[in-house]
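# I would like to see how this sequence folds:
(chains A, B, C and D)
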Protein chains: 4
Amino acid sequence: MYPQDAGQGLKEIPFPQAEQVKIHGRTTRGLDFLPLLWNHSGIEVNCTGAELWVALEVDCGFHEPWVASELNGALMSRQMLLPGIREICLYRNMTPGVVKNVKFYRELQAMSEDDRCHVLVKGFFTDGEFLPVEDPPYKIEIIGDSISSGEGTYGATPDTDWLAMYMSSSRHYGRLLEKMLHADVRIISQGGWGVYCGWDNDVRHNIPSVYEATCGLATGDFNEKVLRTQEPNDFASWQPDAIIVNLGTNDASAFEQPPLEVPGVGVCKQRKNPDGSYVREDQEKVIRAAEDFLKMLRRHNPKSHIVWVYGMLGYNLTLTLSEAVTRYRQETGDANVAFINLPCTKWEEFGAHMHPGYAAHEVAAGVLSDYLHSVLGMDIHKFSGNL
Amino acid sequence: MYPQDAGQGLKEIPFPQAEQVKIHGRTTRGLDFLPLLWNHSGIEVNCTGAELWVALEVDCGFHEPWVASELNGALMSRQMLLPGIREICLYRNMTPGVVKNVKFYRELQAMSEDDRCHVLVKGFFTDGEFLPVEDPPYKIEIIGDSISSGEGTYGATPDTDWLAMYMSSSRHYGRLLEKMLHADVRIISQGGWGVYCGWDNDVRHNIPSVYEATCGLATGDFNEKVLRTQEPNDFASWQPDAIIVNLGTNDASAFEQPPLEVPGVGVCKQRKNPDGSYVREDQEKVIRAAEDFLKMLRRHNPKSHIVWVYGMLGYNLTLTLSEAVTRYRQETGDANVAFINLPCTKWEEFGAHMHPGYAAHEVAAGVLSDYLHSVLGMDIHKFSGNL
Amino acid sequence: MYPQDAGQGLKEIPFPQAEQVKIHGRTTRGLDFLPLLWNHSGIEVNCTGAELWVALEVDCGFHEPWVASELNGALMSRQMLLPGIREICLYRNMTPGVVKNVKFYRELQAMSEDDRCHVLVKGFFTDGEFLPVEDPPYKIEIIGDSISSGEGTYGATPDTDWLAMYMSSSRHYGRLLEKMLHADVRIISQGGWGVYCGWDNDVRHNIPSVYEATCGLATGDFNEKVLRTQEPNDFASWQPDAIIVNLGTNDASAFEQPPLEVPGVGVCKQRKNPDGSYVREDQEKVIRAAEDFLKMLRRHNPKSHIVWVYGMLGYNLTLTLSEAVTRYRQETGDANVAFINLPCTKWEEFGAHMHPGYAAHEVAAGVLSDYLHSVLGMDIHKFSGNL
Amino acid sequence: MYPQDAGQGLKEIPFPQAEQVKIHGRTTRGLDFLPLLWNHSGIEVNCTGAELWVALEVDCGFHEPWVASELNGALMSRQMLLPGIREICLYRNMTPGVVKNVKFYRELQAMSEDDRCHVLVKGFFTDGEFLPVEDPPYKIEIIGDSISSGEGTYGATPDTDWLAMYMSSSRHYGRLLEKMLHADVRIISQGGWGVYCGWDNDVRHNIPSVYEATCGLATGDFNEKVLRTQEPNDFASWQPDAIIVNLGTNDASAFEQPPLEVPGVGVCKQRKNPDGSYVREDQEKVIRAAEDFLKMLRRHNPKSHIVWVYGMLGYNLTLTLSEAVTRYRQETGDANVAFINLPCTKWEEFGAHMHPGYAAHEVAAGVLSDYLHSVLGMDIHKFSGNL
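Residues are numbered from 1 along each chain as shown, chains lettered A, B, ... in the order given. Have a look, this model is predicted:
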């Protein structure tokens, strides 16, 4: 459908014919549209046109997807999407013939237990051409929880509703790493989930269980049958130089929460000793889950440097997670795996919903870029101007 | 029109019945809709509903309006508007009964010589009520050029197209002053214009000529006949505590530009002497224009403190403008008028289109808040978290 | 000896009679002078006089001691001391009767294998009185290597000589913690030393071997016989709320250095596997040393929270040290011990001699104050003005 | 006199034979010692020795001189000097043969009405040689009051005594400009003085009256007869690229102070009108004094760019000073003179004695380096590491 307010002379480029479009994030290929399944999933184009639109089909229930767009690396727009066929103008009236680099991406994590939260890219409208988008020198995969879903990066400090609008990848340490290291970043994350269990002791809410499918979090008829989210992810097509596992915050929370009756599992509860330390048996569950997850990551990413990072919302599980990494290294002999803390969010760096704000993400990106520079030799580029 | 994707049970509140809505920015009253005429013009509500929409009628040609929304003081969304009847969801699925403070405002200056660039607020949809919005302790009026239109606050440093999307009030020293000083801020600005003439010597492009009407910049049939933009502004209804005049950058530019044939006026050219100084006769034109403007400002704002600020894009006209302020004070005996420099934008603080980026606006807000604190006793509030 | 340039009417207060003087740092009591044995060891007085001097006896060979003084919490002076009887004026011509808080402290670590590097406080000269110095709410002990000796906190980045003047406690994370947390800080540190061995594989250079004596590093006739540095430290007299162990950087270095023939021990060498990981047997040596050190610390400080911090010059030993802490906790059941990383020094934060500069110490103090706030409830005080 | 604690084999280099020593600051030549007359006056050497001492003769009464030393551009030491013949070790035990750049300078302004406050450099002791010190590309002269005497750059915010120790050039915008712009900086300043009168209306306390002599502030027998401070300054020997006049703060203060009986002059009082503005007649005195001073500066520095800067402690005299600059330009046709504000010190940037702290000097240096870059093309160099 020709966009209602578009300029004259735009031509439609259906997604399957948009060959020069670069796709960001895990997704299902071979459809005649592109599903943006994960936070920061999106498209990138080098467009010569004076005007560019993206055509979308959107679906949602309680949690509406948000999207953001960048022009030549700078954030331009961020908005809520509601259901329907929609065309969004990414820019207009720019100098024709000059190449504009445009990114358009989802600002919302994949929503588990929600078969009605979709952003499907159907195609583009432009009066210009798409030129190839060169790959930057590095690829980084981030695996995490609400911190890596960017929860709290938008929103006032006192705000405590649990809503899509407080999450983002536009004010996210992952996006900062893209700019600082000249890298492509993928984010696999889910708020409230852990490596062994969720914040409330729900053992079903562990990231490893969903890591191997294209988008294991996305269940239900449409997700599974149409978007084929449960098919094995094509790991060979995108091997990251570094994998940042930012998990553990919810596993730590479980020790503080009451027991939970999990259907089909029974009562779950991570226990503490009277002196406040973790009951060894329960701590072992986290350790084993983390070890197993590292094995899974290594299986699918044979050469990636893996660094487990932890601490942005408290250091409680530091020894547990480092023990898991140590044990994994000892059992497998794989020395390409590390553990480091990220600094805990200071009170003035908090954003909405008691989560790290943008300032805390800037700190994390500083530590991580320095780490990746020293371990993998990634150059750090200073940026000035608006981000 | 009930919004296509809205929740159940919303009721429409047409603008004329939305009595508790606070209006920001100069506008025309008595219409059955609210025209958002100036940058940062908008509405603010305290809403108890779980969901809130604003209903708009939008019109544009080359330059499309952009809008932004805040929730409890934090920026949530920024997007391009294209023509049509549109409902925009400002939030949804929040806790009913709890008061949410929402601001929705124009991110684009009034566009001169453009009768097709309108954002009209027609009403609201919500399942809650609007409660009164308390006035903060201070009112500040900002009068300026592209700097005060926020040009360059979005966009990459190399971007040089002259487009609406690079302007904002969301990353603007005016918005920062609102947060730092607990103030309401109005912005009267036009890119390329000066106090005497525009950047290219066009003497028609002076802010004083448009200051006294509601929106003197907005001409043409629709603007004048429907929106009544050329009617005298109702100054009595909103008397600022301080007026910040941030003009002169384009008057300085004119001395560097070639002569311009202005229809109905003749050839205009601000001249320099061989040693680089300004020809006194031409400098006098700026001084007289500035003096006259100060008289106009005082006429309409008898008690406001007026501070002329200058320097964010170079200090060249510092002596000229301070001479004007001095002469005004001497002629009128009015001592409630001052002049100060704002620091020039450093290279790493530049945003798009060779204009001050967000970092430069933060510097300006720091100097201005300190100034207004020391001269008018306005308290400075530190904010933490996302802005 | 009455100071040569002192004002009229000063009275001498020999050290043994200076009862209201607060002593900072481990030292030997019962002498008729006060030896400043460790970095940041010093005195603090609340003096009503218009003028105050400290009388010193100084001794040194290659490495001369440096000292610093603070007035009301702000650094005033930093200077080199050379041998002799010396009186140093700490302030003069101030308002008599008003209380001035003055700190005077050593800026140099205890120098091992050096029996000629002493700063002995013999007494004071003032025209006023000494009033009691109130204890701040917290006590913190820092145990470390060159980082905690403040090496590199003074000096230009390219400077690489190994000299006393590049070390300090005045630009040190310990001093920043004093100001941020209102705490007294002791520093037990030695450049080049580790928990198991020194940077060059010298197993004699481990901090645990010197921890239990008053100043185990200070050997030789004068140190041992006159200053009694090898007598057991009186732990009961000063029990810290928190012990920060910042060791490991040199233990990590040993794995990169060639074998070393250590007299009486044989060839020492911490080895790496072909894949770059540490040979388990050698890693175990570090782990056991760290475990044993934690036991020693707990023996002498039964209730102190102990946090091992690591990372300011690289993260290589993170897993080794966290394994040690884990093992200690499991073996002893003592849960009052933690491990966290400090952020690695970024290139622009480096000081002299490839060591963390003052900027890096500010980062470390930020992370540590936040940690101690969240774990022990220590309040964080913002300071403004000169430090 | 051979320094008491110096190493073996040092040779004495009396000042008159120290030909490669670079002299900073206005001084009297032809003596057999070097008087350090002004704040930041000092010496700079490139020394190949392992050890270096400076030999001094010091004199003082109430206000003792302070000095600082830098090694390779980084501050190493700051200390009080009291009367006597003194040798100060600037470094020792460094690698012989390697060139060390050392600066040693006075941290205290010239003290008016004080014939007993002298630092005389008598010579050096070293085991190496002095190599030539290359001139940096720029020369800058700073003329000012207590702000430019660095008052408050050391000391706690509540400290209010008026003492030498709170002044410095080591934490001074002038020193920062040296590092940022690669420049040599001279400082001509006196606390409490203005361009027309002092803070208390004393019209004798104006900088122009002392500018033309080598050190017009230094009167009395020793100053005048031995140091020949009242002889005409040799302007030809050091022509600055830029002159920064940072005067006016005390002239503004005079309007707020009570009348003063000045011996030989009568009652002096700068008056305000009932509305708080300045009485024109008194304002004219400041304007004429500033104009005359600009003429004097131009006479002695024909090609220097002159910029009057003002505002670090309030903007009250902005219009008065800019009027003076304007009038000077109009009368003389000299366009190489400018006026700009420096940002007012924010409360968290204050140092001791209600004066700008180091943080405020950093802000001023940022604005000034940017200004000098844009007007004179001086490159700005980022520094990292300790300063």
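# residue ranges with poor pLDDT in chain A?
Scanning chain A for pLDDT under 70 picks out A:1.
# now the helices for it?
In chain A, helices defined by DSSP state H lie at A:173-181, A:208-211, A:221, A:249-254, A:280-300, A:318-332, A:358-376, listed in chain order.
# what's the closest of those helices to residue D:335?
Closest approach to residue D:335 among the helices of chain A is made by helix A:173-181 (43.3 Å; Cβ to Cβ). All C-beta spots, glycine's among them, are computed from the backbone N, C-alpha and C.
# okay, now the closest residue to chain D within the stretch 251-387 of chain A: neighbour count?
Chain D sits closest to residue A:382 of the stretch 251-387 of chain A, with a gap of 9.7 Å, by Cβ to the nearest Cβ. Counted with other Cβ atoms under 10 Å in any protein chain shown, the neighbours of residue A:382 add up to 9.
# now residue A:88
Residue A:88 has 20 neighbouring residues, counting by other Cβ under 10 Å.
# Spatially central residue for chain A, please.
Centroid-nearest residue in chain A: residue A:187, 2.4 Å away (criterion: Cα atoms, centre = their mean).
# right, and that residue touches residue A:169 too?
Yes. At 6.2 Å, residue A:187 counts as touching residue A:169 under the criterion of Cβ atoms under 8 Å.
# what residues are shared contacts of the two?
Here residue A:187 and residue A:169 have A:39-40 as joint contacts, going by Cβ atoms under 8 Å, 6 or more residues apart in numbering or on different chains.
# quick one, what contacts the residue nearest to the centre of chain A?
Residue A:187 is in contact with A:25, A:38-40, A:109, A:142, A:144, A:148-149, A:169, A:172, A:174, counting by Cβ under 8 Å, 6+ apart.
# What of residue A:291?
Listed by Cβ under 8 Å, 6+ apart, the contact set of residue A:291 reads A:324, A:327-328, A:331.
# any idea how far it is from chain C?
The span separating residue A:291 from chain C equals 13 Å under the rule Cβ to the nearest Cβ, to the nearest Å.
# Enumerate the beta-bridge partners assigned to residue A:184.
Beta-bridge pairing of residue A:184, defined through DSSP bridges, involves residue A:139.
# Give me the neighbour count for it.
So residue A:184, with other Cβ under 10 Å, has 22 neighbours.
# ok, now which ones touch it?
A:24, A:135-136, A:138-140, A:178.
# farthest pair in the residues you listed?
Greatest spacing in those, by Cβ to Cβ: A:24 and A:138 (13.8 Å).
# what sits up against stretch A:247-257?
Here stretch A:247-257 makes contact (Cβ under 8 Å, 6+ apart) with A:143-147, A:192-201, A:205, A:207, A:269-272, A:278, A:282, A:286, A:290, A:293, A:308, A:310, A:312-314, A:316-317, A:320-321.
# of those, buried ones?
A:143-147, A:192-201, A:205, A:207, A:269-270, A:278, A:282, A:286, A:290, A:293, A:308, A:310, A:312-314, A:316-317, A:320-321 (16 or more other Cβ atoms under 10 Å in any protein chain shown).
# quick one: which of the residues you listed sit in strands?
A:143-144, A:308, A:310 (DSSP state E).
# if we can go back for a sec, looking at the helices of chain A, which is nearest to residue D:362?
Across the helices of chain A, closest to residue D:362 is helix A:358-376 (Cβ to Cβ), at 21.0 Å.
# Show me what the closest one is in contact with.
For helix A:358-376, contacts defined as Cβ under 8 Å, 6+ apart pick out A:138, A:140, A:150, A:153, A:171-173, A:176-177, A:180-181, A:241-242, A:244, A:305, A:307, A:309, A:312, A:338, A:340, A:342-343, A:345-346, A:348-351, A:356, A:378-380, B:386, C:314-315, C:343-344, C:346.
# do that again at 6 Å, thanks
A:153, A:171-173, A:176-177, A:180-181, A:242, A:305, A:342-343, A:345, A:349, A:378, A:380, B:386, C:343-344, C:346 (Cβ atoms under 6 Å, 6 or more residues apart in numbering or on different chains).
# Buried only: go through those for me.
Applying 16+ other Cβ under 10 Å to those flags A:153, A:171-173, A:176-177, A:180-181, A:242, A:305, A:342-343, A:345, A:349, A:378, B:386, C:343-344, C:346 as buried.
# Could you list the residues of chain A in contact with chain C?
By Cβ under 6 Å from any Cβ of the partner chain, the residues of chain A that approach chain C are A:275-277, A:315, A:318-319, A:322-323, A:326, A:335, A:339-341, A:343-344, A:346, A:367, A:370.
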